[in-house]
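*Asks:* A structural model of the following input is requested.
(2 chains)
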Amino acid sequence: GAGVSQSPRYKVAKRGQDVALRCDPISGHVSLFWYQQALGQGPEFLTYFQNEAQLDKSGLPSDRFFAERPEGSVSTLKIQRTQQEDSAVYLCASSLQVSNQPQHFGDGTRLSIL
Amino acid sequence: GESVGLHLPTLSVQEGDNSIINCAYSNSASDYFIWYKQESGKGPQFIIDIRSNMDKRQGQRVTVLLNKTVKHLSLQIAATQPGDSAVYFCAENMPTGFQKLVFGTGTRLLVSP
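*Replies:* Reported below is the predicted structural model:
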């Protein structure tokens, strides 16, 4: 389809392992966002890309979290040395312009750390 | 699928009723607001948006009202249907120069046939 696509849909990892989550935004969308959603909560901002430039990473919980979008399209969120508190749904969203345009979300990756 | 919002405020209505979901936002400088619908196991789905220079905007079966004086948003759904059952979030655009959304707590809407 033409929406935001995320993979994998589910990821189970052991504590201490590294994980990589992928986001394919809507074609042509300049802005890309990553959010973290804990159970029973609204999504919380992690980081923002405008094309390939990461302009805000203020929401990343620690230096174990790293995101990239090297060609201004597909983005990867990497979490190193995972911990149990990293368990959450990770959502990706994209929008056509920089501001005042709706963000369109993928269905997320549910990450469970054992 | 997994449940979105185990302990959220809940609004229960009968099919065909009108529903009103309320939201208080935090920043008086926020300039753009969005309502999202989220079903279990899915990402938030865009419903309707409104800019701060407006106080009302209508879509298909939905209306958003913005009261900047008291920092309040509401979403009205006309003739609510069972398919409207979901968790609804309001989001405000913080004035950072790009669209940094801050989401509210969420309200679960349950529609009985």
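*Asks:* And stretch A:58-72, how far out from the chain middle?
*Replies:* Relative to its chain's centre, stretch A:58-72 lies at 8 Å (Cα atoms, centre = their mean, to the nearest Å).
*Asks:* no wait, stretch B:19-33
*Replies:* Taking mean C-alpha positions (Cα atoms, centre = their mean), stretch B:19-33 and its chain are 9 Å apart.
*Asks:* buried sites along that stretch?
*Replies:* Neighbour-count burial for stretch B:19-33, counted by 16 or more other Cβ atoms under 10 Å in any protein chain shown, picks out B:19, B:21, B:23, B:25, B:30, B:32, B:33. In this view, the C-beta of every residue, glycine as well, is placed from N, C-alpha and C.
*Asks:* Where does pLDDT dip in chain A?
*Replies:* A:1, A:98 (pLDDT under 70).
*Asks:* again, only using 90
*Replies:* A:1-2, A:39-40, A:96-101 (pLDDT under 90).
*Asks:* who in it is up against chain B?
*Replies:* Within chain A, the positions lying close to chain B (Cβ under 8 Å from any Cβ of the partner chain) are A:4, A:31, A:33, A:39-45, A:48, A:50, A:55-56, A:91, A:93, A:95, A:98-108, A:110.
*Asks:* Show the contacting residues for residue B:101.
*Replies:* By Cβ atoms under 8 Å, 6 or more residues apart in numbering or on different chains, the contact set of residue B:101 is A:33, A:43, A:45, A:103, B:34, B:91, B:92, B:93, B:94.
*Asks:* which of the residues of chain A next to chain B count as buried?
*Replies:* Buried among these (16+ other Cβ under 10 Å): A:4, A:31, A:33, A:41-45, A:48, A:50, A:56, A:91, A:93, A:95, A:101-108, A:110.
*Asks:* right, and residue A:110 touches residue A:8 too?
*Replies:* No - if you go by Cβ atoms under 8 Å, residue A:110 and residue A:8 don't touch, sitting 9.0 Å apart.
*Asks:* Show me where chain A has its helices.
*Replies:* Using DSSP state H, chain A contains no helices.
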